[in-house]
Every structure is written in C-alpha cells, then in structure tokens.
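J.: pasting a predicted model and its sequence here:
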Amino acid sequence: MNIVKDTVVTITYIVKDMEGKLLEESEDPVSYLHGGYDNIFPLVEQALEGKVVGDNVELKLQPADAFGELDEELVRLEARDGFPADMEVGMQFVGSPLDGGEEMLYTVTDIADDKVVVDGNHPYAGHAVHFLCTVTEVRAATSDEVSHRHAHGAHGHDHH
C-alpha cells in the first residue's frame, strides 16, 4: 500500500546534526496519520507521499522546517532559590512562560551563584538537521483516527 492521505504510517527514524552526530533515534517504531494533520514535519510528510514499506527517506531540514528557529525570549534568567539544591545543567522541568501561556519544557543551560539560566526552546532549535527514516508499515486509517486527526493503537496513542 502506498502512503497517501488518511493512511497510518509507521517509521523508524534517526536525526543527526550536519556534522553527522546522532541527536535522536526512535527506540520503537512511531506512527502518524498522513495527510496534512501536523503530526510530523511537513517536508518529511511530503517526502513520504507515495512511498511503500521498506522505502527510506533522507532529508536535510533547515531549522524552520524541523525544530524551529531559536527564540531568545524563551531563554530566561531565574533566581537560584526557586530550584532544587541538587539541580544540574541539562536537567529539564515543566514551567509556565512569562505570558502565562501553556506550560512548556525548560532545560537548565547555566547555573551561577544565585541565578539559573533556563531555555524553553527545543534542544535542537536553531539547528539544521539530517533526518533519515524507514517506512515499516502502512495501513488505511480508521474513521476514528481521521476524525481525531491522529493515529491510535500500538504505536500511536490510546484514548482512555
């Protein structure tokens, strides 16, 4: 079966930086609903259109097409006393942005005596990446999946 709108596509993937350093690799296959539902990077979806099981796709993605540009406003200086004593650079926590919007994941990027620098950008924001994936399964989406706009089941997610 070819990958077309309203098929559930299962892939394994590897994301590397432009120097070839591994950034991320799927531990398990990942499924998404194909057809413009914003479940995967649009350029990856475009490249997968028409492919079949066993096909590989390899793309170089600019920041805007992958994890986004670096947003300086998401880098914040916070008082050290608002954090746990055993905090280390690289630790992540969920917090609210200054504008009170939706909670997001912040990464601690620097610690000084009484200040902590936290960054709400995706760790790979601002980076061009090399995206490689292999199609492992393609099936027709159920009407439920189409109405919910995402894949369900083994590699997608369940509604409880």
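T.: Alright, I've got the coordinates.
J.: the most centrally placed residue in the chain and Asp17, how far apart?
T.: Central residue of the chain (CA atoms, centre = their mean): Phe67, 6.9 Å from the mean position. Using CB to CB, to the nearest Å, Phe67 is found at 11 Å from Asp17. Just so you know, the C-beta spots here come from the backbone N, C-alpha and C atoms, and that holds for glycine as well.
J.: quick one: common contacting residues for those two?
T.: 124, 127, 129 (CB atoms under 8 Å, 6 or more residues apart in numbering).
J.: what sits against the closest residue to His122 other than its chain neighbours?
T.: Excluding its sequence neighbours, the residue lying closest to His122 (CB to CB, 6 or more residues apart in numbering) is Phe67, at 4.2 Å. Contact partners of Phe67, counting by CB under 8 Å, 6+ apart, are 122-127, 129.
J.: was I right about Phe83 contacting Val116?
T.: Yes. Applying CB atoms under 8 Å, one finds Phe83 in contact with Val116, separated by 5.6 Å.
J.: higher neighbour count, those two?
T.: Val116 (21 against 15; other CB atoms under 10 Å).
J.: what's the closest non-adjacent residue to the more buried one?
T.: Val116 sits nearest to Glu78 (CB to CB, 6+ apart), 4.9 Å away.
J.: with Glu24 instead?
T.: Closest to Glu24 by CB to CB, 6+ apart is Val15, at 4.2 Å.
J.: which strands border the host helix or strand of the one you found, and is each parallel or antiparallel?
T.: Following DSSP states H and E, one finds Val15 within strand 7-17. Strand 7-17 has its sheet partners listed here by DSSP bridges as strand 22-25 (antiparallel), strand 30-33 (antiparallel), strand 129-140 (antiparallel).
J.: could you say which helix or strand holds Pro84?
T.: Pro84 belongs to no helix or strand, assigned by DSSP H and E.
J.: what's the neighbour count on Glu27?
T.: Neighbours of Glu27 (other CB under 10 Å): 7.
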